[in-house]
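*Asks:* I would like the atomic coordinates for the input below:
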Amino acid sequence: MTEHTQDSGRVALVTGASRGIGYGIAEALVARGDRVVITGRNEEALKEAADRLSRGAEDRVIGIAGKAHDEAHRAEAVEGAMAAFGRLDYLVNNAGTNPVFGPIADLDLDVARKVFETNVISALGFAQQTWKAWQKDNGGAIVNIASIAGVSASPFVGAYGISKAAMINLTLQLAHEFSPGVRVNSIAPAVVKTKFAKALYEGREEEAAAAYPLQRLGRPEDIGGAAEFLLSDRAAWVTGQNLVVDGGIFLNGGVG
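*Replies:* Residues are numbered from 1 along each chain as shown. As a prediction, this is how the structure comes out:
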């Protein structure tokens, strides 16, 4: 159950937030007093997530269902935030996909296009919409959820890794272009215990965690805390950065 503080007066849009990392970020923002719009593909799951997040403060969270790669959905989400709350200070681009496992030498290029459309183009689209609706004239901050797959070789999830490398560079481009009013940073998590990443640890969690100096996999709240910091005035002099949140895995040379 999310505990609420006094209304901060700020509003955030978090994509792909019905569960996992997106939900953890939304939870951290609601807990500090932000009003939050969450998106997700499954309308029922999104409604359940919004209900859990807004318990005791029903006017603070709304869900808008749709697919991130759908231009109409992106417009609906941003317009919905503005209609409900009158402003849009923060954007978290978390929605992503990884529908293929295997070497990129055999990768279906149509699948590669789908990965980029969802993981990169949608993030740019949400950033453009948010910029035009509020941030251009009023300022704010953006956090893009990348991955350590974007800063190292990522065997068997190469398309995903390439898209996350693009997300990190997108962060740099937006940080440069949207300054000084809007700060833009990214977070690159290692393996976090979510349904999305289950194939990377299911049935072997203890073995997977042993590769990390901190001896555990990540939790959604670990990324929630990092995003909450980057979307706060405490990070007022931080932009264009990629924050690796990896349990120390790179101390051991990468994911084992």
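
*Asks:* report the central residue of the chain.
*Replies:* The C-alpha lying nearest the average C-alpha coordinate of the chain belongs to residue 94 (Cα atoms, centre = their mean; 2.3 Å).

*Asks:* ok, that residue - contacts?
*Replies:* 14, 15, 16, 17, 21, 22, 25, 145 (Cβ atoms under 8 Å, 6 or more residues apart in numbering). To be clear about C-beta, it is placed using only N, CA and C from the backbone, and glycine gets the same treatment.

*Asks:* ok, the residues you listed vs residue 133, which is closest?
*Replies:* Checking the contacts of residue 94 against residue 133 with Cβ to Cβ, the nearest one is residue 15 at 14.9 Å.

*Asks:* and that closest one, how far from residue 29?
*Replies:* To residue 29, residue 15 is 13 Å away according to Cβ to Cβ, to the nearest Å.

*Asks:* about what we covered before: compare the contacts of residue 94 and tell me which is most surrounded.
*Replies:* residue 14 (34 neighbours; other Cβ atoms under 10 Å).

*Asks:* gap between that residue and residue 28?
*Replies:* Look at residue 14 and residue 28: by Cβ to Cβ, they are 10 Å apart.

*Asks:* give me the common contacts of those two.
*Replies:* In contact with both residue 14 and residue 28: no residue, using Cβ under 8 Å, 6+ apart.

*Asks:* next SSE after the helix or strand bottoming out on mean pLDDT in the chain?
*Replies:* Least confident helix or strand of the chain, by mean pLDDT, DSSP states H and E, is helix 205-210 with a mean of 80. Next along the chain after helix 205-210, taking DSSP states H and E as the criterion, comes helix 220-230.

*Asks:* could you redo the contacts of residue 94 as TSV and give each row distance to residue 134?
*Replies:* As requested, the contacts of residue 94 are exported to TSV (distance: Cβ to Cβ, whole Å):
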residue	distance to residue 134
14	15
15	16
16	21
17	19
21	24
22	20
25	19
145	21
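
*Asks:* among the residues you listed, which are located in helices?
*Replies:* 21, 22, 25 (DSSP state H).

*Asks:* residues touching residue 116, list them.
*Replies:* Counted by Cβ under 8 Å, 6+ apart, residue 116 has contacts 159, 163, 166.

*Asks:* with neighbour count, distance to residue 6 and pLDDT added, can I get those residues in CSV?
*Replies:* Below are the contacts of residue 116 laid out as CSV (neighbours: other Cβ atoms under 10 Å; distance: Cβ to Cβ, whole Å; pLDDT from 0 to 100):
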residue, neighbour count, distance to residue 6, pLDDT
159, 26, 44, 95
163, 27, 39, 97
166, 19, 39, 98
